[in-house]
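Participant: pasting the sequence and the predicted model now:
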Amino acid sequence: MSRITVTVDGTKYEEEVEPRLLLVHFLRDRLGRTGTPIGCDTSNCGACTVLMDGRSVKSCSVLAVQADGSDILTIEGLAEHGTLHPMQRAFHEEHALQCGYCTPGMILASIDLIQDNPDPSEDEIRSGLEGNLCRCTGYSNIVRAVRKGAQEMGATP
Amino acid sequence: MSTTEAEIGRARRRKEDARLITGRTQWTDNIQLPGMLHVAFLRSPMAHARIIRVDVSAAKGQPGVVAVFSGQDFGDEQGSLPCAWPVTEDIVIPDHPPMATSTVRYVGEAVACVIATDRYKAADALDAIEIDYEPLPAVLDMNEALAEGATPVHEGGNKSFTWKFGTGDAEAAFRDAPVVIERTYVQQRLIPSAMEPRAVVAQTDGDSFIVHSATQIPHILRVMLAATTGIPEHKIRVIAPDVGGGFGSKLQVTAEEVLTLLISKRLGRPVKWTESRSEGNLTVHHGRDQIQRISLAASADGVLRGVKVDLLADMGAYLMLVTPGIPLLGAFMYTGVYKMDAYDFTCTGVFTTKMPTDAYRGAGRPEATYAIERAMDELAHEIGVDPLEIRRRNWIKHEEFPYATAGGLTYDSGNYEAATDRAMALFGYDKLRAEQADRRDRNDPVQLGIGVSTYTEMCGLAPSRVLGSLRYAAGGWEHATIRMLPTGKVEVVTGTSPHGQGHETAWSQIVADSLGVPFDDVAVLHGDTASSPRGMDTYGSRSLVVGGIAVLQACEKVKENAKQVAAHLLECAPEDLEFTDGAFRVRGTEAAKTIQEIALATFAAHDLPEGFEPQLDAGSTFDPEAFSFPHGTHLCAIEVDTETGESKIRSYVAVDDIGNVINPLIVEGQVHGGIAQGIAQALYEEAVYDSDGNLLTTTMADYLIPSAADLPDFTTARTVTPATSNPLGVKGVGEAGTIASTPAVVNALVDALSPYGIRDVAMPCTPERVWRAIQGGTS
């Protein structure tokens, strides 16, 4: 067992973990932070995407021990004091989700994408989100939402 | 006249989103209960083998392991997984134990399970289970399976059933026909791939059970769990919490649901099972997998005389809930939107040593539509006319509705001309044809193809009497109850079970208009057999067309009840009242009572009409008289790099006619997602088994679900020809995109390759297959 200290959505946790424990299982099973879902076991789908020290990672391909000392932001911590993040609002407004299972990962991956490229083209959004799969929407509305979210993130730095 | 804006037809943002975009969702795998145990299944590594010896003793001693069971440990208690659609009297329905007891018949079949204190420990202990198998030959090819001397998957051979249907005199239609087109198409096996893997949580208080499952069918599941396990129905409550997509794959009664329940019963503790994606690719039922031989007979100018279809449908190793019925759902659709004198259909269900097939988005209808729409392009090519022209010569004209088709159905309404004209305008059809001609003239290495699909489908499953005549075990009705709460808020209890479709929003819109209450004052309850005891669940584009009508009818009953109270309070006759903007008004006066006032007065029950029961609530069960028939025209332009075989969809236009629309935003989303899944079949996805029966596409790295980078933007529009078979004039939209798009894309691809003498490419049309076709075509 290893002792790790991780901040998740603003709360600091000190936990003993098995070295093999995946970050996503640590979040879900240990901390009860079940907003981050699991969609595959080969890091293809991106449903489990979280921000680790500000950058998107697939939490199924990070060990909990690798997250020692880091700051994790999940979908549950994204809205501040009940105010939705512009990207959350854009996904709602543009009907960019149906079953919603990919949505937490899709929103966090989109935020990371906008950090690198504040005004992406449609093609840049499509290739930027290649690692996040959605089975419901056909992506058209996701692309629209990310453009809208990007504009609003730019407007409210 | 209403003075408030109608909710029906409005692009309401969804109520469901609030929890989905903030991670407050209740997925089945989120459930954690005190003392909960975790199940892991050991699965067969062999496609076909006898189980000689099972030794679980070493696994039992592993850390955290509470119990280990093999199939024998459950014996008769585990029952046989149900098939609810025995399509013929002489159909062979093999015994299907949830955990194999003596023989395994596909890779992935459960043979033993470990129950442990956490999911890691359960998985660890699987390694300590010892099983000896005696291999038997794998049976993978349907034609070989039916051949003399083939290894039987089950005693009695590899044919499950042969089902025939026909109208008119097909032999006469084909005799001396000037043009006969005969083609064979392969519907490759697909993996539905809902983003949420399956999960089950079962808990018990001693003699009753709660089963949470990521299912589309909590109501059907409850009945079937009772029938399979012998636990009485009233002792089982099934809850489908938030469910992350289904596409037919969660329209099933699975081994894991039955076993998780039985394990909870045996151990007296809450038990959870959650599948991994690779486990799911092996063991969530697959879709399609048919070999279609289709023949068209036509006059010299391409007017259809008749269609014949001979189908082999791969059942896989067992018949699951509606496995044999899937090809039947397509049987009536091979005549498409076209007129003809005769139609003949034969289908044989074949056992192989692969995962069973069952419903996948469209379920039988995408297959049928693909075959007829591909074959119509061949007919157009044969007689040298544009694919749209061949369709115009043959389709049912707007003024000919209602129309009794050779497929045995009566289409109530449609306007193929309007949808096609609209699609052509949006697409820029003539301009793209001109560009195509130019590229052909220039021998451009990047060729342009244009593909057409003028589809229709049958939706709104289903009139119960029709299901009965097809030997399906259940009905096709749907139920809704409206509860008027004392404060004037409204609860809708629906028997539909949404998993992404937005029923909470759409049903609220129907209720808001009908009862004149604010959209935000309506809550929709679903997916729990305790709160919603009656229902037939969600699949087959049925929810609005059947369940939505039940909601509307229940509202009407509530208003009838409320009207009596209103008349009493307003001291008038009920006939003197009109209902507008959520209030009963005495005609010609200012006197009025709002529905909320009446709800409160009924709750208080101080002053009600003589003999009136103090409640307004009402339920309604709607059983449709007929199917509905969405239709549309999809056009696809694809660029094919003839040097690499790579193809890229340049533009895609979908004009769908799904009748009246409750929420255009939700409709557009359904169309987009449907198109994407149809494109995926055309270009990307295939479940591949090797010659030993091992599934090679067990992960999302091997089974290519398209990403945003693989798909184009879609242009969508609608024409509106209301259905005449229900009071809302709605038709259903869940499957339309998938049904339409696969043939549109492949027709486009083949059109691009036509100058190379290529008239078909097997799906999925990968760059390699396209490149090889070009090499073969030009060499």
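Facilitator: Nice, I can see it.
Participant: could you point out which element follows the strand or helix carrying B:A434?
Facilitator: In the assignment (DSSP states H and E), B:A434 maps to helix B:429-441. With elements assigned by DSSP H and E, the helix or strand that comes after helix B:429-441 is strand B:446-456.
Participant: checking B:V565 next. Helix, strand or coil?
Facilitator: Under DSSP: H, G, I helix; E, B strand; the rest coil, the three-state class of B:V565 is helix.
Participant: ok, for it, nearest residue in space, not its chain neighbours?
Facilitator: Leaving aside its sequence neighbours, B:V565 sits nearest to B:I598 (Cβ to Cβ, 6 or more residues apart in numbering or on different chains; 4.9 Å). C-beta: built from backbone N, CA, C; applies to glycine.
Participant: please apply the same query to B:F351.
Facilitator: In space, B:F351 is closest to B:V153, 4.1 Å off (Cβ to Cβ, 6+ apart).
Participant: so that neighbour makes contact with B:V104?
Facilitator: No. If you go by Cβ atoms under 8 Å, B:V153 and B:V104 don't touch, sitting 11.0 Å apart.
Participant: same for the helix holding B:A434, what does it pack against?
Facilitator: Other elements packing on helix B:429-441 under the criterion 3 or more Cβ pairs under 8 Å, 6 or more residues apart in numbering or on different chains; DSSP states H and E are strand B:446-456.
Participant: I'd like to know which elements the strand it packs on is packed against.
Facilitator: Under the contact definition 3+ Cβ pairs under 8 Å, 6+ apart, strand B:446-456 sits against helix B:365-383, helix B:387-394, helix B:416-427, helix B:429-441, strand B:631-641, helix B:736-753.
Participant: does A:R89 touch A:Q151 like I think?
Facilitator: No. Under the criterion of Cβ under 8 Å, A:R89 is not in contact with A:Q151, lying 11.4 Å apart.
Participant: more neighbours: which of those two?
Facilitator: In terms of neighbours (other Cβ atoms under 10 Å in any protein chain shown), A:R89 is the more surrounded of A:R89 and A:Q151; the figures are 19 against 15.
Participant: is the strand or helix carrying that one positioned near chain B?
Facilitator: Take DSSP H and E as the rule and A:R89 turns out to sit in helix A:86-93. Yes. Residues of helix A:86-93 are located near chain B by Cβ under 8 Å from any Cβ of the partner chain, namely A:88, A:91-93.
Participant: so which of those residues is the closest to A:G100?
Facilitator: Set against A:G100, the nearest of the residues of helix A:86-93 next to chain B by Cβ to Cβ is A:F91 (9.2 Å).
Participant: pLDDT score assigned to the closest one?
Facilitator: pLDDT for A:F91: 98.
Participant: if I look at it, how far off is B:V238?
Facilitator: In this structure, A:F91 and B:V238 are 30 Å apart, going by Cβ to Cβ, to the nearest Å.
Participant: what sits against the nearest residue to B:V688 once chain neighbours are set aside?
Facilitator: Take B:V688 and drop its neighbours on the chain: the residue closest to it by Cβ to Cβ, 6+ apart is B:L696, 4.6 Å away. Contacts for B:L696 (Cβ atoms under 8 Å, 6 or more residues apart in numbering or on different chains) come out as B:688-690, B:702.
Participant: any quick PyMOL command for the buried ones out of those?
Facilitator: This is how PyMOL selects the buried members of the contacts of B:L696, with burial counted by 16 or more other Cβ atoms under 10 Å in any protein chain shown:
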select buried, chain B and resi 689+702
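Participant: pipe the contacts of B:L696 into TSV and attach secondary structure per row.
Facilitator: Output for the contacts of B:L696, formatted as TSV (three-state DSSP):
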residue	secondary structure
B:V688	coil
B:Y689	strand
B:D690	coil
B:D702	coil
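Participant: what are the structural domain limits within chain A?
Facilitator: Here the domain parsing of chain A from automatic domain parsing is A:2-77, A:86-155.
Participant: need the CA coordinates for stretch B:536-547. PDB is fine.
Facilitator: Extracted C-alpha coordinates of stretch B:536-547, given in PDB (Å, rounded to 0.1, in the frame of the first residue of the first chain):
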ATOM      1  CA  MET B 536     -43.600  -2.000 -22.300                       C
ATOM      2  CA  ASP B 537     -40.400   0.100 -22.200                       C
ATOM      3  CA  THR B 538     -38.400   1.800 -24.900                       C
ATOM      4  CA  TYR B 539     -37.200   0.400 -28.300                       C
ATOM      5  CA  GLY B 540     -38.300   0.300 -31.900                       C
ATOM      6  CA  SER B 541     -39.000   4.100 -32.100                       C
ATOM      7  CA  ARG B 542     -42.100   3.400 -30.100                       C
ATOM      8  CA  SER B 543     -41.900   5.700 -27.100                       C
ATOM      9  CA  LEU B 544     -43.700   8.800 -28.500                       C
ATOM     10  CA  VAL B 545     -45.900   7.100 -31.000                       C
ATOM     11  CA  VAL B 546     -47.300   4.700 -28.300                       C
ATOM     12  CA  GLY B 547     -46.200   6.000 -24.900                       C
END
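Participant: for it, what is the average pLDDT?
Facilitator: pLDDT averaged over stretch B:536-547 gives 96.
Participant: need the contact list for residue 64.
Facilitator: If you meant another chain, say so; for now it's chain A. Here A:A64 is in contact with A:4, A:6, A:15, A:17, A:21-23, A:25-26, A:30 (Cβ under 8 Å, 6+ apart).
Participant: wait, I meant chain B there
Facilitator: Contacts of B:G64 by Cβ under 8 Å, 6+ apart are B:116-118, B:121-122, B:125.
Participant: just those now: which is nearest A:I114?
Facilitator: For these, the minimum distance to A:I114 (Cβ to Cβ) is 37.4 Å, reached by B:D118.
Participant: so how many other residues sit close to that closest one?
Facilitator: The burial metric for B:D118, expressed as a neighbour count using other Cβ under 10 Å, is 16.
Participant: what about the closest residue to it other than its chain neighbours, how many residues nearby?
Facilitator: Residue nearest to B:D118 in three dimensions, not counting chain neighbours: B:H38, with 5.8 Å by Cβ to Cβ, 6+ apart. By other Cβ under 10 Å, the residues close to B:H38 number 21.
Participant: B:Y756 too?
Facilitator: Counted with other Cβ under 10 Å, the neighbours of B:Y756 add up to 16.
Participant: thinking it is in contact with B:W771, fair?
Facilitator: No. Between B:Y756 and B:W771 there is no contact under Cβ under 8 Å: 11.1 Å.
Participant: B:G632: what's it in contact with?
Facilitator: Applying Cβ under 8 Å, 6+ apart, the residues near B:G632 are B:419, B:423, B:454-455, B:654-658, B:719, B:736, B:740.
Participant: where's it relative to chain A, distance?
Facilitator: 16 Å (Cβ to the nearest Cβ, to the nearest Å).
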